[in-house]
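>>> I would like to see how this sequence folds:
(3 chains)
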Amino acid sequence: MPVFGDLSDFPLTELLPVVAFRTGALKIALEEQGTISEIYIQNHTVCGIRKEGHYLEPLEAHQVLRDLLRRTSGLFWFDPDAEPPKTNCLSWPVHQIILEFAEEQDEAALLQHHLPTPETTFELAGEPRSYQLPLSQSIFFEKARPHLERGTTVEALATLLGLSVPHVALHLHKLHLAGFVAPRRAFRPPTPAAGQSNVLARLWRALARNRL
Amino acid sequence: MNGERLKLVISGPVGAGKTTFVASLSDIPVVNTDEVSSELIGKSTTTVALDFGALTLDGIQVYLFGTPGQERFAFAWDTLLEGAFGLVFLVAGNQPATFPTARRMLDYLTTNFPVPFVVGVTRKDLAQVWSAEEVASYFRLPAPHVLAVNATSREDCREVLLQILRFWGVAGTKIPPEKAEHAGTSSH
Amino acid sequence: MSKQKELENVVGQLRSAVPDITGVIVASSDGLSLAGDLPEGELARAAAMTATAASLGRRITDTLELGSAEEFAVKGQQGYLLVYRAGDKAVIGVAARAGANIGLINLEVRSATEKIAAVLG
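Sure thing, here's the model as predicted:
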């Protein structure tokens, strides 16, 4: 039961990370074109881009991709049974596409609903990434890193770095998509023998006994 | 939490199935109230529409609060979440347009309020619906935090409750830490 | 001839013009591989690094007012990576052996970048 929706709710840069772990084609129908474009994904990589039934060569594929990345309306759905490209895989990493495209336009306005609120707290994500960030992301990340080590809200970081809140929200959002930072969840499981866990343990036992 | 009363908050966008979820678990008919007594929700005297239900197990009363989903009611959530032992955040799997705002809200709440949480993806019975895995990928959450739920099924709702308790580590259960690799993260 | 073929010919011609060149990558300015004669497993990384290097080079020439960026050279003990802009939309990375004739490479690449810029429009 795969992903579907409208690009007006999910621009392609938000969609690609969602399907990156799957193998198959993200199909997009643009109203005025009457054709379906397909982005074939495998192993967190864009392998091919197909239009009108045939896979495009890299140059043309790139133009189609950039066009799709800018689209703010259109239907999409994911087809896990789509036919993969027979020739060379484009080998375009999803993280490269979503990170680089940020430079191009004022995404902050477009992505408002997808961006974290100013009071959301972020910290460094546990997993080190094996790839490089694009330049401006890299510069931001290095400046933000000491604050992210301790954990910081979006608005606090904006104040510390002298940047606007939407700007920082967009950067953190991209770094989150790329796996470099993550929201710092406030909940920490208590150590055993905390008083209230007796009540919870009883609740657990009552539920586990299927007594509803 | 005071004595043998626990509070569970059920939230999420409009139409996700919050009322249904509360009804499935509640022993009493669900009360949709415009004004909830200040004693139950804490210090606030704000008027806001909530669904209220209650479940009693082994003498423990679990109060179920279904909140309004809209972001503009976020001011009320401070007091609702205070002392809650869990947050259930429901999204309808066939309404992806609601996901972005839902994620935004969830990340705000869970980074500011220390409460374990589960995202429930409802409408799993439909043909065109996002899977729990895909919703987890969009929300950037590890698998244990996202479950497919049929809100009309008492069994499914019970499973969500059990998962919240697992996060507390009761009965020796342990969920892997937050920083575990999750679906959708580039691993190369 | 398709534009893709023209691009691949430019890469091939560059390779054969200078024996000391060990690899060529043509990438979009957003770091995606468009053509190249590196092994498939290395294309993605080479494209990303070439675009980043070109970006950095441009940042430096802009900040220090050095005029328009021409070349970004990284020299290691065992060889070079030379990065050049090829119009506004693409960058070209050339890997060369240590001791390579950089002057000759620059000359050949200049003509290659002009062709690439023309193909991409």
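>>> In the chain, where's the longest helix?
In the absence of a named chain, chain A is used. Counting residues, the longest helix in chain A under DSSP state H turns out to be helix A:135-150.
>>> that's the other chain; I wanted chain C
Chain C, longest helix under DSSP H: helix C:40-63.
>>> From the contact counts, what lies against it?
When contacts are defined as 3 or more CB pairs under 8 Å, 6 or more residues apart in numbering or on different chains; DSSP states H and E, helix C:40-63 packs onto strand A:92-93, helix A:94-100, helix A:135-150, strand C:21-28, strand C:33-36, strand C:72-76, strand C:79-86, strand C:90-97. For every residue, glycine as well, the C-beta is placed using N, CA and C.
>>> what's the burial count for A:G126?
Per other CB atoms under 10 Å in any protein chain shown, the neighbour tally for A:G126 reads 12.
>>> ok, for residue 13, nearest residue in space, not its chain neighbours?
In the absence of a named chain, chain A is used. Once flanking residues are discounted, A:T13 sits nearest to A:I98: 4.8 Å by CB to CB, 6 or more residues apart in numbering or on different chains.
>>> You answered for a different chain; I wanted chain B.
B:T98 (3.9 Å).
>>> State the distance from the one you found to B:P142.
B:T98 sits 21 Å away from B:P142, taking CB to CB, to the nearest Å as the criterion.
>>> do B:L81 as well
Distance, B:L81 to B:P142, by CB to CB: 21 Å.
>>> Domain-wise, how is chain A divided?
Per automatic domain parsing, the structural domains of chain A span A:4-102, A:106-183.
>>> sorry, back to before: would you mind telling me which of B:L81 and B:P142 has the busier surroundings?
When neighbours are counted by other CB under 10 Å, B:L81 and B:P142 differ, and B:L81 comes out ahead with 25 against 18.
>>> Do I have it right that the more buried one meets B:S11?
No - assessed by CB atoms under 8 Å, B:L81 is found out of contact with B:S11, at 9.1 Å.
>>> Identify the contacts common to those two.
Here B:L81 and B:S11 have B:L87, B:L109 as joint contacts, going by CB atoms under 8 Å, 6 or more residues apart in numbering or on different chains.
>>> how distant is the longest helix of chain A from the center of its chain?
18 Å (CA atoms, centre = their mean, to the nearest Å).
>>> What of stretch A:170-177?
8 Å.
>>> Spell out which residues of chain A are next to chain C.
Proximity of chain A to chain C (CB under 8 Å from any CB of the partner chain) is limited to residues A:45, A:57-60, A:62, A:65-66, A:88-93, A:96-97, A:100-101, A:103-104, A:131-132, A:134-135, A:138.
>>> From the residues you listed, pick out the ones that also neighbour chain B.
Among the residues of chain A next to chain C, chain B is touched by A:P93, A:Y131 when using CB under 8 Å from any CB.
>>> of the residues of chain A next to chain C, buried ones?
A:45, A:57-60, A:62, A:65-66, A:89-93, A:96-97, A:100-101, A:131-132, A:134-135 (16 or more other CB atoms under 10 Å in any protein chain shown).
>>> ok, the next helix or strand after the longest helix of chain A: who's next to it in the sheet?
Moving toward the C-terminus from helix A:135-150, the next helix or strand (DSSP states H and E) is strand A:152-153. Sheet pairing for strand A:152-153, assigned by DSSP bridges, gives strand A:121-124 (antiparallel).
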